[in-house]
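> How does the following fold in three dimensions:
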Amino acid sequence: MKNLLTIITLVIVLLPIHGQKSSQFKRMFVDAEFFLLYDEYNEALPLYKKLYINNPENANINFRIGQCLLHMHGNKTAAIPFLETALEKVSLRHKEGVYLETKAPIETYLYLGKAYRITNELDKAFEAFLEYKYALKKKKGDLALVNKELEAIQNAKRQMSNPIKFRKENLGKRINTSFPNVNAVVSGDENTIVYVSKLKFYHGVFMATKENGKWGVPQNITAELLADGEIQTVYISQNGKHLLLARNDNDDYNIYESTYNEQQNSWSQMSKLDRNVNSRYWETHACISPDGNTIFFSSNRPGGFGGLDIYYSQRNEKGEWGNPVNLGKSINTNFDETCPYITENGIELYFSSQGHNTMGGFDIFHSYVISDNFSNPQNIGYPINSTDDDVFFVPFKNGMNAFYSFADPSDGYGEDDIYKLSFDPNENNQMANNKNNFILTFENQNIKDSTLLITQN
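Have a look, this model is predicted:
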């Protein structure tokens, strides 16, 4: 009787405490799920980690932490132990968004496979993707994504067995800092560079010019552009006077432009491109052909092949952009294609794709365009492409140089640094042969300028 009274007393005392903790858990979980819904992983992760402290065995919380880490730049390897823990309690009956759920969804296999892939544990990744495929058959899910991941593992092994050769040059501590520096666009004479530095509280747009062959002190031109919010530079003209940027306008990406005024020594306030380019959907990247008459841009508007597609539009007599045309199935797939960039000679298109023969995530591809045809897109190769997402590659000197951002602990200044890459055709015979063959074909067709006469495929 005494023991029974003790138990009853403890239950009465602890009920309010348990109820309070349950209420706190619920509020914090709901807040974290809200941030996750809008892909705000930096905001969601701290909340999930607080929940984890008192619930380290909760597979659902472990899965969410791994999911956040895998979407955040920096240390994606950290996702693996959380996802491995979550894998111990996977359920086909997992209830999404329910705070009482303690088991993990079958997507744990998918995310763990991605984490293994990114860390180049390719055999483990393959096994995890196979397990996910098997689970999807029970749940009757879409197999296209997992089949693409399995294919990417094989592609990665082939690419890594035959790496391409190139030289890289860090642009130095005046350009690169401890913050991520990305999306560098460079004028034709290589004397002007504009890029984004992801500072602590905002994305800053910076411009630098060369002084005696070396980069001068970068100037923060964010205020001149009125470039508030999540902003990225996407293109600069050959003369360095016309700039294109993309901004996230309340979860709606749009393309903007700005012009440099030499007399005032400043950039104009950026203005949104017209409705034939921008739409109610996402327009994330754009570039303009060398003659200034064709714009290429990526958009997820309806009517494409799937996700983001690359479109083009031609300028009319009034200087306005005409109706957009999809580049067609030789370039676009049922996955995402983005970051188009055309070379100076107007015959080679670089872009990032999830849908062609990638090593996993986005890879960089190039395709030759002559009149109304595109060549089969080619993966530019490892180690520029990796088993993680590889985007925004800016070709220079018709693709024999490039500007690209990535993290290299051996000579970097922080996170992503901007590098200049140089490709020696004598060391990359296949690359040289491809370029020479297409350039000869281009010249033999007597095409005198770089106007791209593209018809829908």
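> what's near enough to touch the closest residue to Thr77 other than its chain neighbours?
Nearest residue to Thr77, sequence neighbours excluded (C-beta to C-beta, 6 or more residues apart in numbering): Thr119, at 5.4 Å. Placement of C-beta: from N, CA and C, glycine included. Applying C-beta atoms under 8 Å, 6 or more residues apart in numbering to Thr119 gives the contacts 76-77, 80.
> closest to Tyr311 among those?
If you rank the contacts of Thr119 by distance to Tyr311 using C-beta to C-beta, Lys76 comes first, at 31.4 Å.
> give me every residue that touches the closest one.
So Lys76 contacts 69-70, 115, 118-119, 388 (C-beta under 8 Å, 6+ apart).
> can we see that at 6 Å?
70, 118 (C-beta atoms under 6 Å, 6 or more residues apart in numbering).
> Confirm Tyr350 sits in a strand?
Yes. When DSSP: H, G, I helix; E, B strand; the rest coil is applied, Tyr350 is found to be in a strand.
> Could you check how far it is from Lys214?
According to C-beta to C-beta, to the nearest Å, Tyr350 and Lys214 sit 27 Å apart.
> And those two? Which one has more around it.
Tyr350 (22 against 9; other C-beta atoms under 10 Å).
> Do I have it right that the more buried one meets Ile342?
No. Counting by C-beta atoms under 6 Å, Tyr350 does not reach Ile342; the two are 7.7 Å apart.
> ok, how many other residues are close to the nearest residue to Asn191 once chain neighbours are set aside?
In space, and not counting its chain neighbours, Asn191 is closest to Lys210: 4.6 Å by C-beta to C-beta, 6+ apart. Neighbour count of Lys210, defined by other C-beta under 10 Å: 14.
> my guess is Lys210 is in a strand, correct?
Yes. Lys210: assigned to a strand according to three-state DSSP.
> quick one on the thing from earlier: what backbone torsions are found at the residue nearest to Thr77?
phi -90, psi 10 (degrees, to the nearest 10).
> Please shift the residue numbers so they start at 726 in all later answers.
Okay, residue one is now 726; in that scheme the one you just asked about reads as Thr844.
> Which pLDDT value goes with it?
pLDDT recorded at Thr844 is 95.
> Leu795 too?
Leu795 is given a pLDDT of 95.
> now the one 3 residues further on
With respect to pLDDT, His798 has a value of 81.
> again with Gln1181
34.
> Okay, helices next: where are they in the protein?
Secondary structure of the chain by DSSP state H: the helices cover 727-762, 766-779, 784-795, 804-811, 832-843, 847-864, 869-885, 947-950, 1154-1169.
> what about the nearest residue to Val1119 once chain neighbours are set aside, distance to Ile778?
Nearest residue to Val1119, sequence neighbours excluded (C-beta to C-beta, 6+ apart): Phe1128, at 4.5 Å. Distance from Phe1128 to Ile778, counting by C-beta to C-beta: 43 Å.
> Tell me the bridge partners for His1091.
According to DSSP bridges, the partner residues bridging His1091 are Tyr1075, Gln1103.
> tally of neighbours for it?
His1091, neighbours per other C-beta under 10 Å, totals 21.
> got the contact list for stretch 900-917?
918-924, 934-935, 940, 957-958, 960-961, 963, 965, 1117, 1128, 1130, 1138-1143.
> nearest spatial neighbour of the residue most central in space within the chain, skipping sequence neighbours?
Nearest to the mean C-alpha position of the chain, by C-alpha atoms, centre = their mean, lies Val1116 at 5.2 Å. With sequence-adjacent residues excluded and distances taken as C-beta to C-beta, 6+ apart, Val1116 is closest to Ser1077, at 4.4 Å.
> residues in contact with that neighbour?
Neighbours of Ser1077 in contact, by C-beta under 6 Å, 6+ apart: 1063-1064, 1087, 1089, 1116.
> give me that answer again for 8 Å
Contacts of Ser1077 by C-beta under 8 Å, 6+ apart are 1062-1064, 1087-1090, 1115-1118.
> Counting only strands, which of those residues make the cut?
Among the contacts of Ser1077, the residues falling in strands (DSSP state E) are 1062-1064, 1088-1090.
> Output the residues you listed in JSON lines, with distance to Glu758 appended to each entry.
Below are the ones in strands among the contacts of Ser1077 laid out as JSON lines (distance: C-beta to C-beta, whole Å):
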{"residue": "Glu1062", "distance to Glu758": "31"}
{"residue": "Thr1063", "distance to Glu758": "28"}
{"residue": "Cys1064", "distance to Glu758": "31"}
{"residue": "Asp1088", "distance to Glu758": "32"}
{"residue": "Ile1089", "distance to Glu758": "34"}
{"residue": "Phe1090", "distance to Glu758": "36"}
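> Just name the closest of the residues you listed to Asn990, please.
Closest to Asn990, out of all of the ones in strands among the contacts of Ser1077 and judged by C-beta to C-beta, is Cys1064, at 30.4 Å.
> what's near enough to touch that closest one?
Cys1064 touches 959, 1009-1010, 1023, 1075-1077, 1089, 1116-1118, counting by C-beta under 8 Å, 6+ apart.
> Relative to Gly1017, which of those is nearest.
Val959 (15.8 Å).
> where does the closest one sit relative to Ala769, distance-wise?
28 Å.
> CA-only coordinates of stretch 1028-1044, as CSV, when you get a sec.
Output in CSV follows, covering the C-alpha atoms of stretch 1028-1044 (Å, rounded to 0.1, in the frame of the first residue of the first chain):
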residue,chain,number,x,y,z
GLY,A,1028,5.1,23.6,-70.4
GLY,A,1029,8.7,22.5,-69.9
PHE,A,1030,10.2,19.0,-69.7
GLY,A,1031,10.3,19.0,-65.9
GLY,A,1032,11.6,21.3,-63.1
LEU,A,1033,13.9,24.0,-64.3
ASP,A,1034,14.4,24.2,-68.1
ILE,A,1035,16.6,26.4,-70.2
TYR,A,1036,14.8,28.8,-72.5
TYR,A,1037,15.9,31.5,-75.0
SER,A,1038,14.4,34.7,-76.2
GLN,A,1039,15.4,37.0,-79.0
ARG,A,1040,15.4,40.8,-78.9
ASN,A,1041,13.0,42.5,-81.3
GLU,A,1042,13.3,45.9,-83.2
LYS,A,1043,12.1,47.8,-80.1
GLY,A,1044,14.8,46.2,-78.0
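> closest one to Ser1055 among the helices of the chain?
helix 1154-1169 (14.6 Å).
> Show me the shaky parts of the chain.
726-746, 865-866, 1096, 1151-1182 (pLDDT under 70).
> Domain parsing of it, as residue ranges.
Segmentation of the chain into domains, based on automatic domain parsing, reads 748-885, 892-1169.
> Neighbour-wise, give me the winner out of the ones in strands among the contacts of Ser1077.
For the ones in strands among the contacts of Ser1077, neighbours tallied by other C-beta under 10 Å; top is Asp1088, 32 neighbours.
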